[in-house]
Structures are given as C-alpha cells and as structure tokens.
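In: what would the 3D arrangement of this be:
(chains A, B and C)
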Amino acid sequence: MSEAFGGPHGAPVSNRVPVLRLGDVLLVTLQGDLHDSTAQQLQDDLAESIVRSGAGGVIMDISGVEIVDSFLGRVLAEIAAQTDLLAARTVVVGMRPAVAITLVELGLTLPGMRTALNTEAAMELLTGQAVSSHFGGPRRESQ
Amino acid sequence: MPEQAHGTAGSPTLEIRDFLRRRREQIAQRWADEPLFRAVFTVSRDEAVEAGKAVVDALAQVADAERVEDPDAAGFTAVREQLARMAAARSRAGLSSAQVSAELAALRPPVENLLLEDLPDAPAEQVRACAGTLGVLMGTLRVVVTQTALSEGQALIDRQRLQLLEVATPVIKLWDGVVAVPLIGTLDSARSQVVMETLLESIVEQQARFAILDITGVPTVDSLVAQHLMKTVAAARLMGAECIVSGIRPAIAQTMVHLGLDLGNVVTRASLADALGYVLHELGVGIVTPGAKGAVTR
Amino acid sequence: MHTAAGSQARLPIRSDMDLVWVRQHVRQAAAQIGFGLVDQTKLVTAASELARNTLIYGGGGTMETEPLTDGGARGLRLTFADEGPGIADLEQALSDGFTSGEGLGLGLGGARRLVHEFAIDSAPGAGTMVRVTSWVGRPPRPREES
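Out: Got it, this is the predicted structure:
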C-alpha cells in the first residue's frame, strides 16, 4: 500500500521527488543529480506530507545519489530537524562510501542525523523491531 | 628587432629551426650510430633513424615556438614518452643516471658538426649565436628526458606502494554484519585513505552494521592518526554503521593523554576481543559457555 | 607542467541547472583522466561548491576545465571566474562557518580540503577567480591542524 503525493502547484513532475507511504513511515528515494530547487521542493513537500499523513517516521534512501555537497547536506539536515519538530523521525539510508568520505573531508559530519545501512535497518530503527531475522546474526530474544 | 640581420639570417632560433628541418635525415642517421640509439634499437637501424627523426621534429617545433629553454614546451610532448622509454631501457641495462646523461650529451656533437658545415661563410658572431642556441636546445632536451624518467620512476613507486597498501589491509568478517580491519605499521595519509576506503567498501559489501578498526599493530598514535581514525568513524556513521576502535595499548593511551588527543565520541575498547564482545552485546547475541547453565553475554 | 591533449572546456554558470551540467562535466572529465571513484566524488563536490559560490556570490560566471600532465602525473584543473563584487577578506572567507549568502559557509574552505591545490584571487569590485587542481593517485594532503 503506497500513495504518492503529487505536485498541486503545476511544477513539472520530474522536478519532484515522489514521497511514498508505507504504514506509519514515509519513504523517499533520491536518485542521480538533484537540482537545488528539487531538493528544496522536497523539503516543503515532506513537511506537508508528514502533517497530512501523521506519519511517525521518514526514510530517505540516498543510495542512488552520487554526490552530496554542502547544499544538499544542509537540506538533509534541515529535513531531519524539521521532522523532529513535527514529532516524526528521519533516517538517512544507504549513503555511498565515496559520498561519506567526501562529506567528512568537507567538514560536514551531520552529527544529529540518524543513519542506517539500508531500508530494513531504518525500519527497525523507526519501529523498534526487527524486520528480518537474517540481519546481524542470530538475535537474542528477551525472555 | 635590433639590426642584427646578417644577410638572409633571421634570429638564431629560427636559423636552428630551419637547419633542423633541412638536415633532419642526416641528423637522424648520425644519431642512429650513437650508443644511446644503437643500444635501444638493437633489432633495426631503420627504427633508430625513425626515432631520431621524431626527436629532430620535436626540436624543430620547439625552436619554431622560440622556446628552446623551456622543458615544458609543447613540442616535446610527442617524444617525451619515447625518450623516457629509451632512458629507462638504458638504466635497466645497468647504466647509472650519470652514464645515461652522458649518452644524451653525446647526441650534441654530431648535430653541431653538421651545423658548422652549413655555415662555412657566416660571420663568426652568427656561428657562435647559432651554436649557442643549439647548445641550449640540446641541454633542454636532456632536462626533459631526466625529468620524465624521474617522474616515471616516481609513478611506478607510487603504484607499487598503493598495491602494497591494498594487500596490507585485510578485511575480516567476524560475525554476520561485523567486519574488522587489523592495522599493522605506520598510518600515513596514503595508507589512511586506503584503510578508510577498504573499510567503508566492506561495510557495504557485507552490509555490516559494525566495523572494528584494530590498531594493536600501530606503533604510535599522533594527532594525524587520531584525526584519520575520527574521520573513518564519522564516515562509517554517515553510512549507517558504527565503527569501534580497538587495541589502544596502555602506552599509546598514555601518549594520547599527554598529547591532549581526544578521539571525541568514538567508541574504543582495549582489545579486539573486547570490541567484539561489545558488538555482540549490541546485536543482542548471547555467548554460551560450555558446561554453564545459562547464556552469558560479554 | 603543460596542458595535455584532451577535452578543454568552458561552461557557463548562470542558473542552478548549470550547476548540474558543471557536476556532470567534471565527473566525466575526471573519469576520463583516470581518477578513482572517491577522488572523482571529491572533485565533483568541490566543483559544485565553487560553482555555487560563483552563482550566488559572483552573480554567475564560468568554469573552465583543463586536463594536465606533469611528467607521468595526470591531473585536472578547474577555474571558476566571475565578475561579481569580489571578496574583501580572503582569510575570513576561507575559514569554516563564514558565509555571506546561504549555505553552511563551508563552500571555499570545504572545497579547499577536497583538492590538492587551491588558489584564489579576488578584490572588492574586481570579481573572483578560484583555481583548483587535483592529481590522479596522489594521497589527500593532510588537513591543517585545527
């Protein structure tokens, strides 16, 4: 069950990042090279989506993003801070090694941002329960 | 231009350019008999002549651009690699760099003799000027070869060093979702870069939530090493993994305190075993001691 | 050091669409020259920071790319130029956290840490020129003590 939030303002569809809903969580997949305006549009759209859907979490999958400069880094950090204010939590997922190394060299370590290796791990982080048991070896269940 | 015009002659540089173009074949023929060309092109003399012509063409082009003193002149580009290969071949044959340099210097007299043949009636001043220019041009050629040979050697060393670094950075899978990199030896910036990339790549490959960087084998931790460790930990965190630094021996811990080095909020453990224990605990994995009744977590 | 045969280009920086072209062009040029993935990413990110500075503070300008060889080493040089208001205090502009427009103020100082060589020339009213160069296979220069 997923639902896309379209753009009512007549902006071209390609300039919008689709926001999908998975239960209590909004899923955003960023891909390729983003325009500054697309990133800013996403920030606005997400705030609206959270309010409208009452979602408790946002997963931003950036595994398809080849470069994060200080502008996009700032947008990601702002989205995280903004969702916190709206009582939701954001997890940034799948950052590539080359991107991570570059951000650190750039001096942008984004300390307040939640991160996860993949969507499964992010779901687990947001919902507090394991999505699949194969992850991280045998899991000890508390008796 | 000052009134230095002697008959039809232009500047000495252009004079040399015309001379090189005119005498291209003869110069190449004479060079083919010089030790440098003879020793490199052992199979075919024609090949040596062709190589010689290419060098003459390059020199003429440099003279045409009036850049006889400039080793970076565009004219040298075409023959740079070939000259470097020739010099490298001579070094491999056991010649010292001074000997290779001498062989290069030996290319000058045959050209100079041809030049003098061409200027039997020219005023002494013009002959001197032309010979001087040729001397400078041949000197620049030597610089080009030496420069290129040196940087080729450096590039080879760099490549080999990098290969060695990659070999010396093993990634060990300790558990499902847990990788470790034991570091041995000094951490300079080239090595740190390789370590960081290797570790982060393995995090993706293994989908490892935890990575352990064990520095038991690192002799000293100075501020630069501490900085590299913190960068690696920060990059891993951005990817969604936790990186633990283990193997900080008491002596190292002491030095770090003395130097006022702080690893920030990096999770550290005394040994690799302690680090694994921490990770397993975080993963909620129980270790069962044989014979014991219950499950014990370290 | 001299310019290698290869793609030398000049790109306009007039809009945030141009920033995308700049990034793609630098990515391609760097890959062609033989930069590894991490170094490509660093160079593209530096280009993005500098192009954005050119756009926001300089009111637009150009980027020139120039492949280089120095003996056996290969490199890429990027030159960003604008005719904007210029920078009065370069020292301050290079320090982290300084910003006169939007962003985290990591633009210049951050870009400098991502490349091997960094040069800037600017004066109030005289525009700004930033030139950065990176070399293939060379380890990153150690970050200055902070």
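In: what about stretch B:168-185, how long is it end to end?
Out: 9 Å (CA to CA, to the nearest Å).
In: so where's the chain uncertain?
Out: You didn't pick a chain, so chain A it is. Applying pLDDT under 70 to chain A picks out residues A:1-15, A:129-143.
In: right idea, wrong chain: chain C
Out: C:1-7, C:96-106, C:142-146.
In: figure out the helix or strand that the residue nearest the centre of it lives in.
Out: Chain C has residue C:47 as the residue nearest its centroid, 4.3 Å off, counting by CA atoms, centre = their mean. For residue C:47, the element it lies in under DSSP states H and E is helix C:37-56.
In: ok, now residue B:142?
Out: Counting by DSSP H and E, the element that carries residue B:142 is helix B:124-167.
In: ditto for residue A:90
Out: strand A:89-93.
In: in the sheet, which strands lie alongside that strand, parallel or antiparallel?
Out: In the sheet, strand A:89-93 lines up against strand A:57-64 (parallel), strand A:114-116 (parallel) (DSSP bridges).
In: what would those look like in JSON lines with distance to residue B:184 and mean neighbour count?
Out: Where C-beta positions appear, they are placed from N, C-alpha and C, glycine not excepted. Shown next, in JSON lines, are these (distance: least, CB to CB, whole Å; neighbours: other CB atoms under 10 Å in any protein chain shown):
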{"stretch": "strand A:57-64", "distance to residue B:184": "33", "mean neighbour count": "21"}
{"stretch": "strand A:114-116", "distance to residue B:184": "30", "mean neighbour count": "23"}
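In: thinking again about what came up before, what is the helix or strand following the helix holding residue B:142 packed up against?
Out: Of the helices and strands lying after helix B:124-167 in sequence (DSSP H and E), the nearest is strand B:172-175. Contact analysis of strand B:172-175 by 3 or more CB pairs under 8 Å, 6 or more residues apart in numbering or on different chains; DSSP states H and E lists strand B:178-184, helix B:272-283 as its packing neighbours.
In: what are the ranges of the helices in the stretch 1-150 of chain B?
Out: B:12-22, B:24-32, B:35-40, B:45-64, B:77-92, B:97-105, B:108-118, B:124-167 (DSSP state H, counting those that start in this stretch).
In: residue C:110: which of the ones you listed is closest?
Out: Proximity to residue C:110 (CB to CB) singles out helix B:124-167 among these, at 26.0 Å.
In: before we move on, the earlier item: what's the first helix or strand after the helix holding residue C:47?
Out: Following helix C:37-56 in sequence order, the next helix or strand is strand C:61-70 (DSSP H and E).
In: what about residue B:210, distance to chain C?
Out: Using CB to the nearest CB, to the nearest Å, residue B:210 is found at 22 Å from chain C.
In: follow-up on the earlier one: is the helix holding residue C:47 anywhere near chain B?
Out: Yes - Helix C:37-56 comes into contact with chain B (CB under 8 Å from any CB of the partner chain), by way of residue C:38.
In: that helix near chain A at all?
Out: Yes - Helix C:37-56 is in contact with chain A by CB under 8 Å from any CB, via C:37, C:38, C:40, C:41, C:42, C:44, C:45, C:48, C:49, C:52.
In: which ChimeraX command selects the buried ones in those?
Out: The ChimeraX command for the buried members of the residues of helix C:37-56 next to chain A (criterion: 16 or more other CB atoms under 10 Å in any protein chain shown) is given here:
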select /C:37,38,40,41,42,44,45,48,49,52
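In: so which bits of the stretch 1-150 of chain B are right by chain C?
Out: B:72, B:74, B:77, B:147, B:148, B:150.
In: among those, which pair sits farthest apart?
Out: B:74 and B:150 (20.4 Å).
In: smallest gap between chain C and chain B, at which residue?
Out: residue C:71 (2.7 Å; CB to the nearest CB).
In: count of residues packed around that residue?
Out: Residue C:71 has 19 neighbouring residues, counting by other CB atoms under 10 Å in any protein chain shown.
In: I figured it hits residue B:150, correct?
Out: Yes - between residue C:71 and residue B:150 there is a contact under CB atoms under 8 Å: 7.1 Å.
In: which bits of the stretch 101-250 of chain B sit near chain A?
Out: Residues of the stretch 101-250 of chain B found near chain A (CB under 8 Å from any CB) are B:175-178, B:196-197, B:200-201, B:203-204, B:207-209, B:231, B:234-241.
In: next step: those restricted to strands.
Out: Using DSSP state E, the members of these that fall within strands are B:175, B:178.
In: which ones among the residues of the stretch 101-250 of chain B next to chain A lie within helices?
Out: Among these, DSSP state H puts B:196-197, B:200-201, B:203-204, B:231, B:234-239 in helices.
In: what segments of the chain are helices?
Out: No chain in the question, so chain A it is. Using DSSP H, helices in chain A cover A:36-53, A:70-85, A:97-106, A:119-127.
In: ah, I was thinking of chain C
Out: Under DSSP H, chain C gives helices at C:16-33, C:37-56, C:90-94, C:107-113.
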